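Asker: predicted structure and sequence below. I'll ask about it afterward.
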Amino acid sequence: RPHRIALVSHLNDCGLCSANWVSFTLKPAGRHNDQSHTSYYESCKKEAILYFDSFADSIAAFFDSFEERSFCIPESQGNRNGVVLASSTPWLQYAKSKFSIVTESDFGSGVGQQETRITEKTLKSIAAGHPFIVAGSAMTLAHLRELGLTTFTPWINEEYDKPGSKNERMLRICTSIL
């Protein structure tokens with residue numbers, strides 16, 4: 001997804017990928033399985049730059065140095081009938097780290113959206129009692145507060161959760177991280 005590429009390329013550009021646990025895989029899967037890795041990488045790079053032109057230099061540098069590899073938390077996605085098992089959650093990494101940067105499945109602007117989707121990615125941080133920044137649809141944190149959960153203001157600048165263009169929101173997320 002373009003927002004994951006933009007975020008990981010920015011973190012990599014800032015030197016944060018090598019010193020932290022990062023789960024990121026860029027391998028053709030599903031409908032892209034018949035593409036060569038090179039053409040798949042190129043299409044991912046173009047799509048990410050199209051959506052996040054403010055991060056074009058970081059994205060290009062990331063792909064220029066990208067090898068056929070993944071940055072991954074050592075976890076298996078052991079699942080049974082499409083359900084991720086709790087035993088596959090990297091609880092030890094949560095215990096050894098200070099906060100999570102969650103990249104949700106969707107990264108909507110919050111303008112004209114129908115719903116905010118919260119997946120297991122965010123719920124795992126909540127279950128672990130782990131502070132997090134969520135790169136997801138605008139108003140995700142507001143939705144969590146509506147559900148009765150407490151977020152991390154004033155310790156984390158949550159301005160990134162407000163509606164705006166994808167570039168504006170990603171810049172706010174990166175500012176909150178650093």
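Answerer: Received the coordinates, thanks.
Asker: and the most centrally placed residue in the chain, what does it touch?
Answerer: Nearest to the mean C-alpha position of the chain, by CA atoms, centre = their mean, lies T103 at 2.1 Å. Contact analysis of T103 by CB atoms under 8 Å, 6 or more residues apart in numbering lists R1, H3, R4, L7, K121, A135, G136. Any C-beta I mention is one placed from the backbone N, CA and C, and that applies to glycine too.
Asker: so how many other residues sit close to the third one?
Answerer: What it means is R4. Using other CB atoms under 10 Å, R4 is surrounded by 19 other residues.
Asker: quick check, it in a strand?
Answerer: No - counting by DSSP: H, G, I helix; E, B strand; the rest coil, R4 falls outside a strand, being helix.
Asker: quick one, phi/psi of the residue nearest to the centre of the chain?
Answerer: Dihedral angles of T103 (phi, psi; degrees, to the nearest 10) stand at phi -100, psi 110.
Asker: what bridges to it?
Answerer: Under DSSP bridges, the beta-bridge partners of T103 are A135.
Asker: what's the next secondary structure element after the longest helix belonging to the chain?
Answerer: For the chain, the longest helix by residue count, based on DSSP state H, is helix 37-51. Following helix 37-51 in sequence order, the next helix or strand is helix 56-64 (DSSP states H and E).
Asker: mean confidence (pLDDT) on that following helix, please.
Answerer: The average pLDDT for helix 56-64 rounds to 87.
Asker: point out the other helices and strands that it packs with.
Answerer: Contacts defined by 3 or more CB pairs under 8 Å, 6 or more residues apart in numbering; DSSP states H and E place helix 56-64 against helix 2-13, helix 37-51.
Asker: buried set for it?
Answerer: Within helix 56-64, the residues that qualify as buried are S58, I59, F62, F63, counting by 16 or more other CB atoms under 10 Å.
Asker: return the residues in contact with the residue lying closest to the third one once chain neighbours are set aside.
Answerer: Spatially, and ignoring its direct neighbours in sequence, F62 is nearest to S9 (3.6 Å; CB to CB, 6 or more residues apart in numbering). For S9, the residues meeting the contact criterion (CB under 8 Å, 6+ apart) are A48, F55, S58, I59, A61, F62, F63.
Asker: and with 7 Å instead?
Answerer: When contacts are counted by CB atoms under 7 Å, 6 or more residues apart in numbering, S9 touches F55, S58, I59, F62.
Asker: lovely, talk soon.
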